[in-house]
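Engineer: need a 3D model of the following:
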Amino acid sequence: GAAGVLVSSLLGPLSDRLPSRKPLIAVGCLSLAACNVVYAFTRDYLVVLAASVTLQAGAWVAVPQLYARGRELLDELGAAPAPALTALRSMVSLAWIVGPPAAGALLTVTGFPQIFLLEAVVLVAGAALVVADGERGADRERVDRPARRSSGLARWPFPRLGAGVALAAGAVVLVQTANSMSVTTMPLLVTTVLHGSTRDVGLVFGLSAGLEVPVMLALGRAAGRYGSLRVMLPSLLFGVLYFACVGVATSIWEVFAAQVLSTVYVSGLFGVGIAYFQELVAEPGTASTLFFNSLTTGSTVAGVLWGAVVVASGYRGTYAAGVVLAATSIVVLGAGHSRSRPRRA
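Structural biologist: Residues are numbered from 1 along each chain as shown. Reported below is the predicted structural model:
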């Protein structure tokens, strides 16, 4: 995670000044493919660790650049970005629905090395699709325009963030910290506190992922009509309600019912959030990188905070902390918006 943040922070702003984003996306895919090949053939822990720190960082470069390229193509077409970007993000949710069961089925007939090699083949195919994509108007515009003076945000290593953008990033860190702690706690809460089964845990996560695709698409359309912030803020409020409901749940069915709330806030954060950041920051590569780095930072903070919260107040305490973090993120995001001037959505 930290290596990915470092690499993407270096290359994200740089990508806004390159003739095309396609090489970065392709190299990121190939880097992750190479990492999977290492996983398939290596049994040395230190080698696997080194590959995870270095080669896996390619994914942290490729993903933000996909959204940045999507934004440029949408601008070229004159299309509303929020619905299309949330549709793109919904493909990630779809992959989470299809991928784990497919991997489980494959494991019944093959082993982990073969699955890692299959992942590498898929990633190479993805890189080939990117390279095969012909030159677009957005690419020609990047080549023809004069070198653009980078904004303060695109400077490295210490970008001068405007207060509004910095607060928006902080809000994402807060709510992602809450989200990551919730995901970590859920299996333990269900099996230890509520005395459910591992099957119940799988059903909880599967239900949430299954609902995300249609909800994310609906929120994307709403963001295109009413504005990204007007969708994000209520979505985060659903997060506050979700953490509160799960924190006091006394039976499995209450956790299942609460997944409706979870789906709305997750869809608003991950789906509409990227569109909102691209409205705040003119450079799509920098905007996308900042958003995803904020998510990664939140997950990292959660890993440190989770243990302390569980020791102090048990598994339910993580959801109480989630209520506080999510509620604070709403205030911070609203304060940030009042200090920023989003560009045209």
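
Engineer: the helix or strand bottoming out on mean pLDDT in the chain: what's the following helix or strand?
Structural biologist: Within the chain, no helix or strand scores below helix 137-144, which has a mean of 51 by mean pLDDT, DSSP states H and E. Remark: after helix 137-144, the chain's next helix or strand is helix 163-188, criterion DSSP states H and E.

Engineer: show me what the next helix or strand after that next one is packed up against.
Structural biologist: Next along the chain after helix 163-188, taking DSSP H and E as the criterion, comes helix 198-226. In this structure, helix 198-226 packs against helix 81-107, helix 163-188, helix 228-247, helix 252-266, helix 273-280, with contacts taken as 3 or more C-beta pairs under 8 Å, 6 or more residues apart in numbering; DSSP states H and E. (C-beta placed from N, C-alpha, C; glycine too.)

Engineer: between those helices, which gets nearest to Leu49?
Structural biologist: helix 163-188 (21.3 Å; C-beta to C-beta).

Engineer: output stretch 188-196 in PDB with nothing but the alpha carbons.
Structural biologist: Taking C-alpha atoms only, stretch 188-196 is exported to PDB below (Å, rounded to 0.1, in the frame of the first residue of the first chain):
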ATOM      1  CA  LEU A 188     -15.600 -11.700  13.800                       C
ATOM      2  CA  LEU A 189     -18.800  -9.900  14.800                       C
ATOM      3  CA  VAL A 190     -20.900 -12.400  12.900                       C
ATOM      4  CA  THR A 191     -19.200 -15.600  14.100                       C
ATOM      5  CA  THR A 192     -18.100 -14.600  17.600                       C
ATOM      6  CA  VAL A 193     -20.600 -12.100  18.900                       C
ATOM      7  CA  LEU A 194     -23.800 -13.000  16.900                       C
ATOM      8  CA  HIS A 195     -22.900 -16.800  16.800                       C
ATOM      9  CA  GLY A 196     -23.400 -17.000  13.100                       C
END
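
Engineer: report the distance from that stretch to the chain centre.
Structural biologist: Its chain's C-alpha centre and that of stretch 188-196 lie 27 Å apart, by C-alpha atoms, centre = their mean, to the nearest Å.

Engineer: same check on stretch 112-120?
Structural biologist: 24 Å.

Engineer: pull the CA atoms of it into PDB?
Structural biologist: In PDB, the C-alpha atoms belonging to stretch 112-120 read as follows (Å, rounded to 0.1, in the frame of the first residue of the first chain):
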ATOM      1  CA  PHE A 112      -3.100 -21.700  -6.700                       C
ATOM      2  CA  PRO A 113      -0.200 -21.400  -9.200                       C
ATOM      3  CA  GLN A 114      -2.600 -22.000 -12.100                       C
ATOM      4  CA  ILE A 115      -5.000 -19.300 -10.800                       C
ATOM      5  CA  PHE A 116      -2.100 -16.800 -10.500                       C
ATOM      6  CA  LEU A 117      -1.000 -17.600 -14.100                       C
ATOM      7  CA  LEU A 118      -4.600 -17.100 -15.300                       C
ATOM      8  CA  GLU A 119      -4.700 -13.700 -13.600                       C
ATOM      9  CA  ALA A 120      -1.400 -12.900 -15.400                       C
END
